[in-house]
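K.L.:
below: sequence and its predicted model.
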Amino acid sequence: DLLDETNASVPIYNSAVILILIVSISSIFISFFGCCGAYKESKCMLGTYFVLILALLVLITVGAIIGMAQGVGKLTSPFLDTLSKYDPSRSTAIETTWDQIQTDMECCGVNWPKDWMDYNTLYQG
């Protein structure tokens, strides 16, 4: 696995997984209030359902804003780390991943092609 080879971690993705699990489990419990409230025609349960759905919407919005604020800059470091370990004579996850990314995205480097010369000793002039 690529992350095992590089010892890299991207904390935003670790927190995103936890946040998605919490939101998913919460939505299951919240939907229970909505179903029971509608079935029993209980204003109290429907009011609780509305407040909980509204709170969930606020949490999702805040999570999206925090994710956007951290931006792509957090992802640059692990990419540059793998770029420095790239060796075309090997065929590990790093080489396979970089070759696939560059083919699919029709680009090279993390920010610009000069990254290869700056971070990989095999390509330094």
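P.N.:
Nice, I can see it. Numbers count the residues shown, from 1 in each chain.

K.L.:
what helices or strands is the top helix by length along the chain leaning on?
P.N.:
In the chain, taking DSSP state H as the definition, the longest helix is helix 11-40. Counting by 3 or more C-beta pairs under 8 Å, 6 or more residues apart in numbering; DSSP states H and E, the packing neighbours recorded for helix 11-40 are helix 43-70, helix 73-84. Where you see a C-beta, it was placed from the backbone N, CA and C, and this is true even at glycine.

K.L.:
now do the buried residues in the last one.
P.N.:
Buried residues in helix 73-84, counted by 16 or more other C-beta atoms under 10 Å: 78-80, 82-84.

K.L.:
next: the first one.
P.N.:
Of the residues in helix 43-70, those buried by neighbour count under the rule 16+ other C-beta under 10 Å are 45-46, 48-49, 52, 63.

K.L.:
which secondary element of the protein has the worst mean pLDDT?
P.N.:
Within the chain, no helix or strand scores below helix 2-6, which has a mean of 60 by mean pLDDT, DSSP states H and E.

K.L.:
before we move on, the earlier item: quickly, which of the helices and strands packed on helix 11-40 bottoms out on average pLDDT?
P.N.:
Lowest mean pLDDT within these: helix 73-84, at a mean of 80.

K.L.:
that one to helix 43-70, inter-axis angle?
P.N.:
With axes from the mean of the first three to the mean of the last three C-alpha atoms, to 10 degrees as the basis, helix 73-84 and helix 43-70 are set at 50 degrees to each other.

K.L.:
in terms of secondary structure, what does helix 73-84 contact?
P.N.:
Judged by 3+ C-beta pairs under 8 Å, 6+ apart, helix 73-84 is in contact with helix 2-6, helix 11-40, helix 93-105, helix 115-119.

K.L.:
could you redo the last one with a cut-off of 7 Å?
P.N.:
helix 2-6, helix 115-119 (3 or more C-beta pairs under 7 Å, 6 or more residues apart in numbering; DSSP states H and E).

K.L.:
thanks again, I'm all set now.
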